[in-house]
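*Asks:* Let me see the structure of the following:
(one chain, ligands or ions: 1)
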Amino acid sequence: MRYISTRGQAPALNFEDVLLAGLASDGGLYVPENLPRFTVEEIASWSGLPYHELAFKVMRPFVTGSIPDADFKQILQDTYGVFAHSAVAPLRQLDSNEWVLELFHGPTLAFKDFALQLLGRLLDYVLAKRGERVVIIGATSGDTGSAAIEGCRRCDNVDIFILHPHNRVSEVQRRQMTTIFGDNIHNIAIEGNFDDCQEMVKDSFADQGFLKGTRLVAVNSINWARIMAQIVYYFHAALQLGGPARSVAFSVPTGNFGDIFAGYLARNMGLPISQLVVATNRNDILHRFMSGNRYDKDTLHPSLSPSMDIMVSSNFERLLFDLHGRNGAAVAELMNAFKASGRLSVEEERWTEARKLFDSLAVDDEQTCKTIADVFAATGELLDPHTAIGVHAARECRRSLSTPMVTLATAHPVKFPEAVEKAGVGKALELPAHLADLFARPERCTVLANDLKAMQAFVGEHGNRGKPL
Ligand SMILES: *Cc1c(COP(=O)(O)O)cnc(C)c1O
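*Replies:* Numbers count the residues shown, from 1 in each chain. Okay, the predicted model is just below:
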């Protein structure tokens, strides 16, 4: 499988190289040159497979030529074997023909584990084969950091440095990062805010001299392997609900458009999906596009669903590429204009094409809490605020009551106690068994000044399994 850039200028890469690449050299994002397509009979024959075996069927075409089948099978078995629920991604019924797909049974209780558990193992596999080591530097306001650290904890060839703003992440989220020990795991609390952390990461990619030749890798949501891993659970859910003989609709709590883009790919690979609902919080740039063809940058509004607090959606460019007939030059022009003006809209017929599949809704904090309370009262299912936004949007935007509607439950409610407490059901919060002693575990973290050089010096001194690079 070859991968091409959405802006048409960067060289095509194979899977191995795309795994290690961040942005393409022309500023675009990598996508498969040709999407694999499965027949309905083929998909139907996967019914009843355990999650890791289904994952193999769905993802195999993407890694062909880079990873032999037997190795890939083993990697997938290891990856999904660490999930705390034996179904890996169980469905729970909320109402007639309405479900949530629980994607929070991984080690850090959020759907990002599906991708980052796999990414860590794939990186280590490819690096071992090449005899290389890499350094990962990432910034987090909470969720991604812990999932990335958990994903890399067993890697022999990766040192990971995660920056978080000192005293500005929740205690659960901080502990999920700082209680994981390993000589390749480095938590850094920066005396600054999240933007300061992100700026340091960006500056480190721009000037990598401090790494003395070691390759720097990004694990943010534009990494192709993360999208790829997320395609699988759409197949998994549909197969439980009568697919592919019958269509299914999905509602997806959305920030950077990675998770829902995976659903879009699942449909283009042959899975009958009749509707995708983009569910956002007040940071609603995607809702403004889907409802009125205006993708205009706004200021950031902090919300009770912080993992969806974004100003622009980094993966949206991948959809724009398809909407423009995969014309990289047209996408480059559009994105350059967006960079200059902060505004973007597409030709009417392209937007109409998108609207055949996508609907959207923006949900405020008040409605989020109300949905948590209502669903808990009606079903006993305790939703996290991101999932609650998805459920509310699903109910408002649903096109057909006879089509199963599945909301992706992207996080466990215990990660976001503020919203659950505001909803009046905080008493029901409980840490799952494998994290029950989280508050008693020792922590390890280094506090550094908000100073790029100090951070880079720290990486230089510890980037080789705790020893200097
Ligand atoms: C990351 C995240 C999202 C948003 O996913 P995108 O792929 O960025 O759209 C939603 N909910 C939770 C809990 C998340 O951690």
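
*Asks:* quick one: stretch 286-300 near the ligand?
*Replies:* No. Using CB under 6 Å from any ligand atom, stretch 286-300 stays clear of the ligand, coming no nearer than 8.7 Å. For the C-beta atoms, the positions are set from N, CA and C on the backbone; glycine is no exception.

*Asks:* In the stretch 101-250 of the chain, which residue sits closest to the ligand?
*Replies:* residue 143 (3.9 Å; CB to the nearest ligand atom).

*Asks:* Share the number of residues neighbouring that residue, please.
*Replies:* Residues contacting residue 143 under the criterion other CB atoms under 10 Å number 25.

*Asks:* shouldn't it be in contact with residue 411?
*Replies:* Yes. Between residue 143 and residue 411 there is a contact at 7.1 Å, judged by CB atoms under 8 Å.

*Asks:* if we can go back for a sec, so what's the residue of the stretch 101-250 of the chain closest to the ligand up against?
*Replies:* Applying CB atoms under 8 Å, 6 or more residues apart in numbering to residue 143 gives the contacts 108, 110, 112, 173, 307, 411, 415.

*Asks:* hmm, back to that, any residues in contact with both of residue 143 and residue 411?
*Replies:* Common contacts of residue 143 and residue 411 (CB under 8 Å, 6+ apart): 110, 307.

*Asks:* just to revisit the earlier point, tell me how far the residue of the stretch 101-250 of the chain closest to the ligand lies from residue 267.
*Replies:* 26 Å (CB to CB, to the nearest Å).

*Asks:* One more: residue 62?
*Replies:* 16 Å.

*Asks:* who's more crowded, those two?
*Replies:* Neighbour count, other CB under 10 Å: between residue 62 and residue 267, residue 62 has more, with 23 against 20.

*Asks:* where does the more buried one land on pLDDT?
*Replies:* Looking at residue 62, its pLDDT is 98.

*Asks:* count of residues packed around the closest residue to residue 119 other than its chain neighbours?
*Replies:* The spatially closest residue to residue 119, leaving aside those adjacent along the chain, is residue 225, at 5.1 Å (CB to CB, 6 or more residues apart in numbering). Neighbourhood size, residue 225 [other CB under 10 Å]: 21.

*Asks:* quick one: what helix or strand has residue 225 in it?
*Replies:* Applying DSSP states H and E as the criterion places residue 225 in helix 224-240.

*Asks:* Which secondary structure elements does that helix sit against?
*Replies:* helix 15-20, helix 51-63, strand 98-102, helix 112-130, strand 248-253, helix 258-268 (3 or more CB pairs under 8 Å, 6 or more residues apart in numbering; DSSP states H and E).

*Asks:* so what's the residue nearest to the spatial centre of the chain closest to, chain neighbours aside?
*Replies:* What sits nearest the mean C-alpha location of the chain, by CA atoms, centre = their mean, is residue 112, with 4.9 Å. Spatial nearest neighbour of residue 112, excluding adjacent residues (CB to CB, 6+ apart): residue 147 at 3.9 Å.

*Asks:* related to what we said a few turns ago, among the helices and strands packed on helix 224-240, show me which one is buried the most.
*Replies:* Of all those, strand 248-253 carries the top mean neighbour count, a mean of 28, counting by mean count of other CB atoms under 10 Å.

*Asks:* mind listing the strands in this protein by residue range?
*Replies:* Here the chain has its strands, by DSSP state E, at 2-5, 13-14, 30-32, 91-95, 98-102, 134-139, 158-165, 185-190, 215-217, 248-253, 273-280, 358-362, 405-409, 446-448.

*Asks:* okay but residue 226 is in contact with residue 117, surely?
*Replies:* No. Taking CB under 8 Å as the definition, residue 226 is not a contact partner of residue 117, at 10.7 Å.

*Asks:* What residues does the stretch 251-400 of the chain have near the ligand?
*Replies:* 253-259, 307-308, 386.

*Asks:* Around the ligand, pick out the residues from the stretch 1-150 of the chain.
*Replies:* Taking CB under 6 Å from any ligand atom as the contact definition, the stretch 1-150 of the chain meets the ligand at 110, 112, 143.

*Asks:* ok, now which ones touch the residue lying closest to residue 443 once chain neighbours are set aside?
*Replies:* Nearest residue to residue 443, sequence neighbours excluded (CB to CB, 6+ apart): residue 178, at 3.9 Å. Contacts here follow CB under 8 Å, 6+ apart; on that basis residue 178 touches 187, 443-445.
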